[in-house]
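**Q** model the following, please.
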Amino acid sequence: MSTIRVALVDDHAVVRSGLEQLLGGEPDLEVVGTAADGEEALELVRRTRPDVVLMDLQMPGTDGVTATRRIVEELGTDVLVLTSFSDATRIVAALDAGAVGYLLKDAEPEDLVEGIRAVSRGESPLHPRAARQLLQSRSGPRADPDLTPREVEVLGLVRKGLANKQIARRLGISERTVKAHLTSAFARIGVQDRTQAAVWAERHEIGG
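**A** Coordinates of the predicted model:
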């Protein structure tokens, strides 16, 4: 069984301690370090190179969204948000920053553990309440989403049938970064999978 190396980021010491104890009891999870704010998180990830960063959003100084964006852009590490906030604004901001999943702190412990494992498998776990907020804020495919230039490139290559590995090679980025761009793009255009994204890209002549 391969070990999933996890970095914990939360400004509350009690929460960090509880998470460290919870994850430390799992045979396939290893906590490589903890951080109390976004700046500490970036240094921690640079130093330890974890597989997954469990990221709080509301922190003093550098917040979780900013830290997520910097970690994904600089290091390509998977970031899984764990927060108390389930409003659509924060969810979309976190996904736009490159987070690959969004869980809430009221989740069952086993759901959090499984969420980390899901991220390591290349999946994007969303808490049901967060998913509902996303669906309500993105009611159906959108004709005029505010896509970033990179998201347009990635959607264009999805339209052409390329897999994540091929997209990563074509654009000179990591597969994890491709996955983060897709997660964000799916939320922006209001689709749930690659097939719907490809249809949307075809309809809007993305990457023609």
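**Q** switch to C-alpha atoms for all contacts and neighbour counts from now on
**A** OK.
**Q** helix or strand: which one has Ala185?
**A** Following DSSP states H and E, one finds Ala185 within helix 175-189.
**Q** off-centre distance for that helix?
**A** Centroid displacement of helix 175-189 relative to its chain, using C-alpha atoms, centre = their mean, to the nearest Å, is 8 Å.
**Q** and if you look at stretch 159-179?
**A** On the basis of C-alpha atoms, centre = their mean, stretch 159-179 sits 16 Å off its chain's mean C-alpha point.
**Q** okay, buried residues for that stretch please.
**A** Buried residues in stretch 159-179, defined by neighbour count with 16 or more other C-alpha atoms under 10 Å: 159, 164, 167-168, 174-179.
**Q** of those residues, which is the nearest to Leu19?
**A** Using C-alpha to C-alpha, the shortest approach to Leu19 within the buried residues of stretch 159-179 belongs to Arg176, at 24.2 Å.
**Q** now the nearest residue to the closest one once chain neighbours are set aside, what are its backbone angles?
**A** Nearest residue to Arg176 in three dimensions, chain neighbours excluded: Gly76, at 6.1 Å (C-alpha to C-alpha, 6 or more residues apart in numbering). Here is the backbone geometry of Gly76 (degrees, to the nearest 10): phi 70, psi 20.
**Q** just the one 5 residues further on next, same as before
**A** Its backbone dihedrals place Val81 at phi -80, psi 140, with angles given as degrees, to the nearest 10.
**Q** now Val9
**A** Backbone torsions of Val9, given as degrees, to the nearest 10, read phi -130, psi 110.
**Q** to what extent is it buried, counted in neighbours?
**A** 30 (other C-alpha atoms under 10 Å).
**Q** quick one, helices of the chain?
**A** Using DSSP state H, the helices of the chain run over 13-24, 38-48, 64-75, 88-97, 109-120, 128-137, 149-159, 164-171, 175-189, 194-203.
**Q** residues in contact with the residue lying closest to Glu153 once chain neighbours are set aside?
**A** Nearest non-adjacent residue to Glu153, counting by C-alpha to C-alpha, 6+ apart: Gly207, 6.6 Å away. Contacts for Gly207 (C-alpha atoms under 8 Å, 6 or more residues apart in numbering) come out as 152-153, 155-157, 159, 201.
**Q** circling back to that earlier point, with respect to the helices of the chain, which exhibits the lowest mean confidence?
**A** Mean pLDDT is lowest for helix 128-137 among the helices of the chain, at a mean of 72.
**Q** wait, Thr62 sits on Asp37?
**A** Yes. The pair Thr62 and Asp37 passes the contact test of C-alpha atoms under 8 Å, sitting 6.3 Å apart.
**Q** looking at the two, which is more packed in?
**A** Remark: of Thr62 and Asp37, Asp37 carries more neighbours, 23 against 17, as counted by other C-alpha under 10 Å.
**Q** that concludes my questions; thank you for your assistance.
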